[in-house]
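A.B. asks: coords below, sequence missing:
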């Protein structure tokens with residue numbers, strides 16, 4: 001029996017040894033290679049950047065020793081002059097319509113003045129009581145209250161009243177008689193003699209056609225101070241003049257009246273009128289400038305013409321059609337790893353959420369945020385503003401910051417979840433020394449259980465098996481396996497490193513020195529930056545031991561879309577002598593401040609695009625580099641260096657379930 005048990009025991013040990021490479025115990029649970037692969041794929045995300053580019057180029061090719069004559073210039077200026085004339089006529093027409101618009105409010109504004117001493121005993125000019133530009137109402141009759149009666153307006157005694165109404169209302173005598181009949185039937189008289197004797201003077205305000213059966217009664221009056229019951233008004237002139245009963249010398253009066261106030265847009269001078277006048281003035285100046293520039297241009301062209309330089313282009317070149325601006329959008333993607341959701345803190349404060357202005361940082365209105373680990377050179381695509389000029393100086397590219405998004409799977413929305421760069425204490429969490437950065441996005445509660453764990457890269461041995469998940473050439477969660485080739489080998493240790501050492505600054509030196517982890521997972525470049533390297537062996541199994549940031553395999557395929565917007569961009573530039581290359585980022589950002597157009601089609605392949613715009617080839621050669629096809633040459637940054645940086649920048653290791661810095665670290 002003892003022999004049987006001994007044999008079984010030895011067999012068990014052999015079985016455990018054989019299975020060690022496939023199973024390890026973590027927290028009393030067996031973790032298989034398949035488990036690690038599932039976890040790696042679940043926590044892997046795709047970082048996407050929609051990159052706007054402004055392309056400036058000359059509209060006409062360089063002339064092949066073509067003679068520049070006065071006739072050519074004159075034809076060009078004549079065409080431009082005709083366009084200016086049309087613009088002037090349109091501006092004048094708009095100005096005329098503006099000036100013919102009713103300038104005064106239709107409602108009446110109350111005018112009240114106490115203690116006014118009239119300059120005349122029988123007339124009070126209301127204009128003297130108002131400093132503003134106003135209009136006094138017409139269609140007002142001064143009446144007094146009498147007994148209601150039916151009259152015959154054709155009698156001689158009413159002839160003067162008919163004449164008064166006809167003159168005041170500018171109507172025919174027949175219409176005046178109808179108005180008089182209506183007034184007398186309602187108990188009103190317009191007879192001057194009766195008004196002067198009456199103690200009940202009233203002013204009636206009529207509609208434009210004087211057809212009111214019941215005109216509006218106005219509470220206008222002129223009364224001696226202390227004798228408010230008696231209204232002294234006996235007549236009214238639409239120029240704003242009251243005729244009154246005699247006012248004793250030295251006595252002050254109380255005046256109540258009304259007027260039409262000038263509309264706000266016409267006070268002083270309307271903004272619209274000023275704008276139109278300025279446009280006319282500007283167009284006239286343009287015309288003069290063109291005429292004055294004619295002789296100058298001819299003289300300049302007589303001299304030996306140097307090759308054109310697009311970097312010296314100005315707004316005037318765009319305005320006069322010598323230079324065109326095109327707006328293009330490119331899409332580029334990389335990889336990242338989900339570390340979990342974290343609660344926003346007060347020190348997680350950046351410059352705010354300014355996605356339309358080229359600054360993509362988080363918005364602290366979110367209580368929580370999802371944390372994505374990737375490379376610094378990946379995050380930088382949301383921050384970089386660059387300019388490139390072709391070798392022949394015919395084309396300039398202005399590359400604006402890309403709009404960042406996070407996609408979780410191949411079935412995610414085309415744009416995914418809007419992302420930004422984490423900022424703590426007003427500075428983004430990006431390290432070029434360790435080529436790492438943190439992006440944040442809206443949290444997905446159910447995704448928390450798939451967060452990745454960071455291991456201890458000091459425990460990794462050369463020859464250990466590893467797994468990598470990335471997104472090469474726009475693919476999703478491309479998974480490969482390999483082994484660790486080197487745990488601490490820098491490109492600075494190469495035999496020919498002295499060639500490029502002379503060109504390195506301190507940041508570049510640190511970048512290369514710390515990218516010291518090498519492995520041979522055959523995944524390829526272009527979209528794999530920021531991919532996590534997972535351990536399949538030993539105590540680190542199921543944890544990330546490095547972040548991929550270098551690979552010398554193949555160049556990725558690029559996709560893009562072109563949309564012409566020369567007019568929009570040209571309008572945004574200000575100043576006739578302002579060079580396009582010197583324009584501030586925000587001038588171009590205004591163009592991008594609109595919501596992202598989801599109808600844009602990213603269907604132009606790299607080769608087709610280069611064929612259409614050959615000058616872009618230089619840009620991509622410089623931007624992407626000429627990679628050699630060296631299989632197995634994948635480099636990365638050991639995870640301990642990244643953990644060190646993240647902890648020093650304020651991320652709490654306990655919150656993300658990875659071991660923090662040891663006490664001895666701070667004794668270095």
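C.D. replies: Perfect, thanks for sending it. Computed from a predicted model, the values in this text were never measured in an experiment.
A.B. asks: quick one, helices of the stretch 101-250 of the chain?
C.D. replies: Ranges of helices in the stretch 101-250 of the chain, per DSSP state H, counting those that start in this stretch, are 159-169, 173-185, 192-197.
A.B. asks: if we look at the second one, which residues are touching it?
C.D. replies: Meaning helix 173-185. 141, 143, 146, 148-151, 153-154, 158, 161-163, 165-166, 169, 171, 189-190, 204, 210, 213 (C-beta atoms under 8 Å, 6 or more residues apart in numbering). (Each C-beta comes from the backbone N, C-alpha and C, glycine too.)
A.B. asks: ok, now the last one?
C.D. replies: The list of residues contacting helix 192-197 from outside it, by C-beta under 8 Å, 6+ apart, reads 142, 143, 144, 146, 189, 201, 234, 235, 245.
A.B. asks: now for the longest helix along the chain, which elements pack on it?
C.D. replies: Looking across the chain with DSSP state H, the single longest helix is helix 271-302. Contacts defined by 3 or more C-beta pairs under 8 Å, 6 or more residues apart in numbering; DSSP states H and E place helix 271-302 against helix 70-99.
A.B. asks: If you count neighbours, what's buried in the helix it packs on?
C.D. replies: By neighbour count on 16 or more other C-beta atoms under 10 Å, the buried set for helix 70-99 is 73, 77, 84, 87, 88, 91, 94, 95.
A.B. asks: Then stretch 31-51?
C.D. replies: Going by neighbour count (16+ other C-beta under 10 Å), the buried part of stretch 31-51 is 31, 33, 36-37, 39-51.
A.B. asks: Next: stretch 147-157.
C.D. replies: residue 153.
A.B. asks: Residues contacting stretch 148-160, please?
C.D. replies: Applying C-beta under 8 Å, 6+ apart, the set of residues contacting stretch 148-160 is 161, 162, 177, 180, 181, 184, 185, 186, 187, 191.
A.B. asks: got CSV for those, with distance to residue 405 too?
C.D. replies: Formatted as CSV, those follow (distance: C-beta to C-beta, whole Å):
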residue, distance to residue 405
161, 83
162, 82
177, 81
180, 80
181, 80
184, 82
185, 80
186, 76
187, 80
191, 85
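A.B. asks: in which helix or strand would I find residue 413?
C.D. replies: In this assignment (DSSP states H and E), residue 413 forms part of neither any helix nor any strand.
A.B. asks: Correction: the previous question concerned residue 609.
C.D. replies: Residue 609 belongs to helix 606-612 when assigned by DSSP H and E.
A.B. asks: Check which helices and strands that helix is in contact with.
C.D. replies: Partner elements for helix 606-612 (3+ C-beta pairs under 8 Å, 6+ apart): strand 559-564, helix 616-624.
A.B. asks: what separates that helix from the chain centre, distance-wise?
C.D. replies: On the basis of C-alpha atoms, centre = their mean, to the nearest Å, helix 606-612 sits 30 Å off its chain's mean C-alpha point.
A.B. asks: before we move on, back to that, quick check: buried residues in the longest helix of the chain?
C.D. replies: Applying 16+ other C-beta under 10 Å to helix 271-302 flags 276, 279, 280, 283, 286, 287, 290, 297 as buried.
A.B. asks: Show me what secondary structure element comes after it.
C.D. replies: helix 315-319.
A.B. asks: hang on, the earlier thing: pLDDT on the helix holding residue 609, on average?
C.D. replies: Mean per-residue pLDDT for helix 606-612: 71.
A.B. asks: Among the buried residues of helix 70-99, which has the minimum pLDDT value?
C.D. replies: residue 73 (73).
A.B. asks: For it, give its distance to residue 251.
C.D. replies: 79 Å (C-beta to C-beta, to the nearest Å).
A.B. asks: Over to residue 266?
C.D. replies: In terms of C-beta to C-beta, residue 266 sits 38 Å off from residue 251.
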